[in-house]
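Novice: below are the sequence and a predicted model; questions follow.
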Number of protein chains: 2
Amino acid sequence: MSAPTAAAPLGVFDSGIGGLTVARALFERLPKESVIYFGDTARVPYGPKSPETVRRYSAEILAYLLKRGVKAVVVACNTSTAHALGHLQEHSPVPVVGVIEPGARAAVAATKTGTIGVIGTAGTIASGAYERAIKKLRPDARVHAQACPLFVPLVEEGWFDHAATELIAREYLGPLTQAGVDVLVLGCTHYPLLKPLLARVMGQGVTLVDSAEETAKAVAAELETRHLLSSGGSHDHLFVVSDDEPHFRKVGARFLGGKIKQVEVVPL
Amino acid sequence: MSAPTAAAPLGVFDSGIGGLTVARALFERLPKESVIYFGDTARVPYGPKSPETVRRYSAEILAYLLKRGVKAVVVACNTSTAHALGHLQEHSPVPVVGVIEPGARAAVAATKTGTIGVIGTAGTIASGAYERAIKKLRPDARVHAQACPLFVPLVEEGWFDHAATELIAREYLGPLTQAGVDVLVLGCTHYPLLKPLLARVMGQGVTLVDSAEETAKAVAAELETRHLLSSGGSHDHLFVVSDDEPHFRKVGARFLGGKIKQVEVVPL
């Protein structure tokens, strides 16, 4: 495989629609880049799946994106980053950036007390990936991690500010508030849509870290270092899914903040 | 392929653990039968997936069960029954029984007013399969169908009687109560675990129909007609999953009403 060129597109993938919050952050920070987004809608969610299965699926998507000629790959899925990032980096001829390390870095920069909360899917939390990434940067940090399995279906239902969502959030986040965290890492790409509610439940004085924005910053830095930033001209985004279901277009628009026009279907 | 024998096991499959409520009903009604249960834990849930994908996955599982020498197959998944039952029946040399027709039959038998409520996943409800099955039996029935996408994650979280579950149930079921249904079909294998809460929310005078029990009755009748009932002796149950994750054993025990001992992993 030849070396990647600056004119090539960026590959972004996720288990489904959640990674569109990362794509949105990339569009905003890097408006000259073309993006190929792959959502594994046939096999969503990755959260409850075993590390081996998540690794296998992620490797299949990496192979597909490389075949499409991408210059770098963004793993816009926390579960996939937790279980597969190292494996993908070893097997990729182009840079691969995940969502966990940028979120961990921002959390460590933001905390005053060193007590950090992390929320995510069952898979992400069980992997301990955020805790490891945070402690690598600040070994004396106290990390309180909490799986919130109901948040993804609540977001997909569009119940961003429903009484039931608040009740559930208070139950999940109660232990983190009691532990006195001053930073909360939203360790799942669906969670930015719950930001106003989560801010209210956590109360003033707790900083919310949005991994999507932090990842876009990390990608920009990586492309610059490798002289792979697009010099502009025309750009074009493409959305590819492994299963054509109406959900991706309908709910995805909320994540992206605008309509999703062109969707290609590629069963892996 | 040779004709099935009465000594052969019954095949049962589902997208994951939900079908264990059907397996449990089969164990109770047909205690002499051996069962091979297949849970597609790598690709759960089927609810939001497209009909084509659900059909493809279901056909793969049917082929696997036939290779294991089953004498009949129970599709213990509402979404799969809705999208794939006809296709499976056409391609199977052994009888294939779904969960929808038995539930529809029981609903029609139970209703006094002819106004029937049906709840299920987004996929099952969008398919209109229950409505069609009910109207085939009673053309003047009024069917009110409601997708309840949050019920499956709530059951998997074990929140069978949580205040948030009740709040969500009241929101989903409000329109059905207002429509004056006197029967509610639990059109998803997870829902029997919410029975006490659903009965409370619906109020007295509404009969809940449990598709799992009705399906077990239909399977017993089908085996008897075809002279395929096991004559007894030793029986043995086997659980097979497409992904080995701790969830199946842990949460599955609640569905089955007892420990799941032997689990085989077969990635399809």
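Specialist: That came in fine, so what should we check first?

Novice: when you work out contacts or count neighbours from here on, use the C-alpha atoms and nothing else.
Specialist: Fine.

Novice: now the strands for chain A?
Specialist: A:10-14, A:35-39, A:72-75, A:96-98, A:115-120, A:142-147, A:183-186, A:207-210, A:238-241, A:263-265 (DSSP state E).

Novice: kindly report the residues of the stretch 101-250 of chain A close to chain B.
Specialist: A:149-150, A:153-154, A:157, A:164-165, A:167-168, A:243-245, A:247 (C-alpha under 8 Å from any C-alpha of the partner chain).

Novice: could the strands of chain A go into JSON lines alongside mean neighbour count?
Specialist: Compiled in JSON lines, those are given as follows (neighbours: other C-alpha atoms under 10 Å in any protein chain shown):
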{"stretch": "strand A:10-14", "mean neighbour count": "28"}
{"stretch": "strand A:35-39", "mean neighbour count": "25"}
{"stretch": "strand A:72-75", "mean neighbour count": "27"}
{"stretch": "strand A:96-98", "mean neighbour count": "24"}
{"stretch": "strand A:115-120", "mean neighbour count": "26"}
{"stretch": "strand A:142-147", "mean neighbour count": "20"}
{"stretch": "strand A:183-186", "mean neighbour count": "25"}
{"stretch": "strand A:207-210", "mean neighbour count": "22"}
{"stretch": "strand A:238-241", "mean neighbour count": "20"}
{"stretch": "strand A:263-265", "mean neighbour count": "15"}
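
Novice: need those strands in TSV with mean pLDDT, can you?
Specialist: Shown next, in TSV, are the strands of chain A (pLDDT from 0 to 100):
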stretch	mean pLDDT
strand A:10-14	98
strand A:35-39	97
strand A:72-75	98
strand A:96-98	98
strand A:115-120	97
strand A:142-147	97
strand A:183-186	97
strand A:207-210	97
strand A:238-241	95
strand A:263-265	92
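
Novice: now render the ones you listed as JSON lines, adding distance to B:E224.
Specialist: Compiled in JSON lines, the strands of chain A are given as follows (distance: least, C-alpha to C-alpha, whole Å):
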{"stretch": "strand A:10-14", "distance to B:E224": "49"}
{"stretch": "strand A:35-39", "distance to B:E224": "47"}
{"stretch": "strand A:72-75", "distance to B:E224": "54"}
{"stretch": "strand A:96-98", "distance to B:E224": "57"}
{"stretch": "strand A:115-120", "distance to B:E224": "50"}
{"stretch": "strand A:142-147", "distance to B:E224": "48"}
{"stretch": "strand A:183-186", "distance to B:E224": "56"}
{"stretch": "strand A:207-210", "distance to B:E224": "60"}
{"stretch": "strand A:238-241", "distance to B:E224": "45"}
{"stretch": "strand A:263-265", "distance to B:E224": "45"}
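
Novice: per-residue pLDDT, A:D243?
Specialist: Looking at A:D243, its pLDDT stands at 87.

Novice: A:I125 too?
Specialist: 91.

Novice: for it, give its distance to A:T79.
Specialist: With distances defined as C-alpha to C-alpha, to the nearest Å, the gap from A:I125 to A:T79 amounts to 9 Å.

Novice: tally of neighbours for the closest residue to A:V251 other than its chain neighbours?
Specialist: Sequence neighbours aside, A:E156 is the residue nearest to A:V251 in space, at 6.7 Å (criterion: C-alpha to C-alpha, 6 or more residues apart in numbering or on different chains). Other residues near A:E156 number 21, with proximity taken as other C-alpha atoms under 10 Å in any protein chain shown.

Novice: now A:P139
Specialist: The burial metric for A:P139, expressed as a neighbour count using other C-alpha under 10 Å, is 12.

Novice: check the gap between it and A:T115 for me.
Specialist: Shown here: A:P139 relative to A:T115, a distance of 12 Å by C-alpha to C-alpha.

Novice: distance to A:V12 and neighbour count added to the residues of the stretch 101-250 of chain A next to chain B, as CSV?
Specialist: CSV is the format used below for those (distance: C-alpha to C-alpha, whole Å; neighbours: other C-alpha atoms under 10 Å in any protein chain shown):
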residue, distance to A:V12, neighbour count
A:P149, 24, 20
A:L150, 25, 19
A:P153, 22, 17
A:L154, 24, 22
A:E157, 24, 13
A:A164, 33, 19
A:T165, 29, 22
A:L167, 34, 15
A:I168, 31, 20
A:D243, 17, 24
A:D244, 18, 21
A:E245, 20, 18
A:H247, 19, 16
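
Novice: these in helices, which ones?
Specialist: Using DSSP state H, the members of those that fall in helices are A:P153, A:L154, A:A164, A:T165, A:L167, A:I168, A:H247.

Novice: the last one and A:T207: what is the separation?
Specialist: Right, A:H247. For A:H247, the distance to A:T207 (C-alpha to C-alpha) stands at 31 Å.
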